[in-house]
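Asks: Whatever this is, show me its structure:
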Amino acid sequence: MPIEEMLTVKEVTGKEELLTVEEMAARLKVPVSWIYSRTRIKGSDAMPGVLRCGKYLRLNPSVIIPWIKTKYEVA
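Replies: Numbers count the residues shown, from 1 in each chain. Presented below is the predicted three-dimensional model:
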């Protein structure tokens with residue numbers, strides 16, 4: 001089943017789920033490497049909504065997507 005057809009946790013429970021790097025890249029239609037490069041930036045340009053769980057990253061789309069809209073020009 002394609003990821004786009006799957007129900008999200010938010011649709012089932014009403015709460016936003018954390019996404020993997022691969023899921024977030026697919027949602028934004030960018031390469032996985034773009035996500036990783038943005039998570040390594042520190043300071044005021046750092047990507048918000050990133051949770052590090054050991055070697056794993058989880059991303060909160062409800063925080064990241066508005067940040068991207070303000071940070072980068074939306075075509």
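
Asks: which residues of this protein score low on pLDDT?
Replies: Counting by pLDDT under 70, the chain has low-confidence residues at 1-15, 74-75.

Asks: mind checking how far residue 59 is from residue 33?
Replies: Per Cβ to Cβ, to the nearest Å, residue 59 is found 15 Å from residue 33. (Glycine included, C-beta is placed from N, CA and C.)

Asks: And these two? Which one has more around it.
Replies: Using other Cβ atoms under 10 Å as the criterion, residue 59 and residue 33 rank with residue 59 on top: 24 against 10.

Asks: Tell me who's in contact with the nearest residue to the more buried one once chain neighbours are set aside.
Replies: Sequence neighbours aside, residue 24 is the residue nearest to residue 59 in space, at 4.5 Å (criterion: Cβ to Cβ, 6 or more residues apart in numbering). Residue 24 makes contacts with 35, 59, 61, 64, as judged by Cβ atoms under 8 Å, 6 or more residues apart in numbering.

Asks: do the same with residue 50
Replies: Residue 50 sits in contact with 39, 57, 58, 59, 60, 64, where contact means Cβ under 8 Å, 6+ apart.
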